[in-house]
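# predicted model and sequence below, questions to follow.
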Protein chains: 2
Amino acid sequence: MDAAEQQVRQKGADGFSYSDLSTAVGLRKASIHYHFPAKSDLLTAIMARYGKRVMQELETYGDRFDTAEQQLEGFVAFYRAALQQGSSLCLCVAYAVNADGLSADTRQEIARFRAEVLTWLQHRFEMMQTRPDLPGGFGNATDAAAATLALVEGAQLSARIAADPAIYDQATRRFREQLRRN
Amino acid sequence: MDAAEQQVRQKGADGFSYSDLSTAVGLRKASIHYHFPAKSDLLTAIMARYGKRVMQELETYGDRFDTAEQQLEGFVAFYRAALQQGSSLCLCVAYAVNADGLSADTRQEIARFRAEVLTWLQHRFEMMQTRPDLPGGFGNATDAAAATLALVEGAQLSARIAADPAIYDQATRRFREQLRRN
DNA sequence: GTCTATAACTCGATAGAC
DNA sequence: GTCTATCGAGTTATAGAC
């Protein structure tokens, strides 16, 4: 599953085959079909595991960072780390383009993960709203959550197309500065 | 090429075949190969035509809108219109996921287009900077341009995954309000 | 320019031995 | 659980008649 996740995030759901995976893990195609009979089973399993892992990571930010601003900074940094050398994307971004070619199960897993991330983001923006003395207003918390997720995912895409992770930093700089100003 | 562009924006570069295209345009596969010998030729031609068309559209905004703010609002609306029913993406977003599977020519065409769009955006933010009396500061113009492109492309992705164009409006609302406040 | 026909290959998936 | 072998379908691309 590690190998499969890597392949999806680098080349998309349609961009790798059981044959590619076979050489990557040193097993034959048929052996992989034993564990994941259909490719959609594999794609769904990867997405479920990915979502669980990411949310577990985000939940630790409450302990590791004092303020909502720092937690949001951590969020931006986490998506930056996912870029690696500029070749890897967040899994649901990698899935997005071929969305209608995915199974209903996979799509549902994607939707569930995105809803959880949006809720997480929204809570952080709500925490900031309870302190109206702060300079950097981010407006409605739900809108701010949607905008933030779009920004980091769009920044990942930009960095990927340019094959330059620094593009991610550039696209998110303004937002990060706004957090620090608070 | 209209049919091919539509297919790419709906299903990605790897998500359609000459066979699909064949039924869409009422010609046989071999006839399409006559015009575009290799698929990469077709993908490059589509990207070049798309980039030219979009930039021509953006250039008209100077006449149609008085202020930089209005032109940027037009930009956000243009990317919203590209979404259609939530099924269609900006062409370079559709290309992005499978970026390393594309030919060097296609990648170069994508890079050229993105550079032109970023320059266009940057100029609008620079126009706004010359009026420091305005409330909504967008910071460094180059950063703002990168952030804006990332935002609208990320918003397209979010709307697409959710199969709901309204998500695009939500993710871009804050930015549009900031423009109107100027 | 468009067609039929087909080459050469890869895809996801299965059968059955071990 | 992993293997060899293979099926049927789909893929890009080409040859050659019209």
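Arrived safely, thanks for sending. Numbering: from 1, shown residues only, chains lettered A, B, ... in the order given.

# give the next helix or strand downstream of whichever strand or helix holds residue A:10.
Assigned by DSSP states H and E, residue A:10 belongs to helix A:2-11. Using DSSP H and E, the helix or strand that follows helix A:2-11 in sequence is helix A:18-25.

# can you list the neighbours in contact with the helix or strand of chain A with the lowest mean pLDDT?
Within chain A, no helix or strand scores below helix A:91-96, which has a mean of 94 by mean pLDDT, DSSP states H and E. Contact partners of helix A:91-96, identified using CB atoms under 8 Å, 6 or more residues apart in numbering or on different chains, comprise A:5, A:8-10, A:12-13, A:43, A:46-47, A:50, A:102, A:106, A:110, A:113-114, A:153, A:156-157, B:97, B:157, B:160-161. Bear in mind the C-beta positions are built from the backbone N, C-alpha and C, glycine included.

# closest point of chain A to DNA strand C, which residue?
residue A:17 (2.9 Å; CB to the nearest atom of the strand).

# next, that residue: phi, psi?
Note on residue A:17: backbone dihedrals following degrees, to the nearest 10 are phi -120, psi 170.

# next, count neighbours for residue A:119.
12 (other CB atoms under 10 Å in any protein chain shown).

# residue ranges in chain A under the pLDDT threshold?
Within chain A, the set of residues satisfying pLDDT under 70 comprises A:132-136.

# residue boundaries of the strands in it?
Assigned by DSSP state E, chain A shows no strands.

# what parts of it come near DNA strand C?
A:16, A:17, A:18, A:19, A:20, A:29, A:30, A:33, A:37, A:38, A:39, A:40 (CB under 7 Å from any atom of the strand).

# selecting buried members of the residues you listed in PyMOL, what would you type?
Those of the residues of chain A next to DNA strand C that count as buried under 16 or more other CB atoms under 10 Å in any protein chain shown are selected in PyMOL with:
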select buried, chain A and resi 16+18+39+40
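
# which members of the residues of chain A next to DNA strand C additionally contact DNA strand D?
Among those, DNA strand D is touched by A:29, A:30 when using CB under 7 Å from any atom of the strand.

# nearest to DNA strand D among the residues of chain A next to DNA strand C?
The closest of those, once distances to DNA strand D are taken by CB to the nearest atom of the strand, is residue A:30, at 3.1 Å.

# if we can go back for a sec, what comes into contact with the helix holding residue A:10?
Against helix A:2-11 from outside (CB under 8 Å, 6+ apart): A:15-16, A:20-21, A:24-25, A:42-43, A:46, A:49-50, A:82, A:87-91, A:94-95, B:97-98, B:100-101.
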